[in-house]
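K.L.:
Let's see this in three dimensions:
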Amino acid sequence: MRYVPCLFSLAAHTLICFSCSDASSNWACLKPVKCGENENHCVTTYVGVGLGGKSGQSISKGCSPICPSAGINLGIAAASVYCCDSFLCNISGSSGVRASSTLLALGILVSFFFVLRARE
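P.N.:
Down below sits the predicted model:
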């Protein structure tokens, strides 16, 4: 009997992630893509900005060979990079870093204080 190597084991390690670029909502980021051989992580990048009554966000998703994970929240702006390594694991639009309404209001009040004080 002849031995035939199993090719299915290679296909089982292929990662599939959601992918999009600069989408304004997570609903626009639900397109699955097959990652390359050296791409072992799914990555989600979230950037949100809010000032007064106006706000905006940008979400990007895809495959990556490295796993960057970072976040910053400055009150009026927030950014996060989240990675994971399982089938379609980057379904969420962000990893919990959002611009805080309380910090936004505090930032605006402090700005007004400095503007009024500069006029004196």
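K.L.:
Buried ones in stretch 76-90, by neighbour count?
P.N.:
Within stretch 76-90, the residues that count as buried by 16 or more other Cβ atoms under 10 Å are I76, A78, A79, S80, V81, Y82, C83, C84, C89, N90. Heads up, the C-betas are built off the backbone N, CA and C, glycines and all.
K.L.:
State the pair within these that is farthest apart.
P.N.:
Greatest spatial distance in these: I76 and C89, 29.8 Å, computed using Cβ to Cβ.
K.L.:
Strands of the protein, residue ranges please.
P.N.:
Taking DSSP state E as the criterion, the chain carries its strands at 16-23, 31-34, 41-51, 54-64, 70-73, 77-84.
K.L.:
Please tabulate those strands in a markdown table and include mean pLDDT as additional columns.
P.N.:
Shown next, in a markdown table, are the strands of the chain (pLDDT from 0 to 100):
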| stretch | mean pLDDT |
| --- | --- |
| strand 16-23 | 95 |
| strand 31-34 | 96 |
| strand 41-51 | 89 |
| strand 54-64 | 89 |
| strand 70-73 | 76 |
| strand 77-84 | 88 |
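K.L.:
ok so, going back, redo the buried residues of stretch 76-90 as JSON lines? Include distance to V47.
P.N.:
JSON lines is the format used below for those (distance: Cβ to Cβ, whole Å):
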{"residue": "I76", "distance to V47": "12"}
{"residue": "A78", "distance to V47": "7"}
{"residue": "A79", "distance to V47": "5"}
{"residue": "S80", "distance to V47": "8"}
{"residue": "V81", "distance to V47": "10"}
{"residue": "Y82", "distance to V47": "12"}
{"residue": "C83", "distance to V47": "16"}
{"residue": "C84", "distance to V47": "19"}
{"residue": "C89", "distance to V47": "20"}
{"residue": "N90", "distance to V47": "16"}
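K.L.:
which one of these sits closest to S25?
P.N.:
N90 (14.9 Å).
K.L.:
Quick check, the closest one in contact with F18.
P.N.:
Yes: at 5.3 Å, N90 counts as touching F18 under the criterion of Cβ atoms under 8 Å.
K.L.:
Thanks again, I'm all set now.
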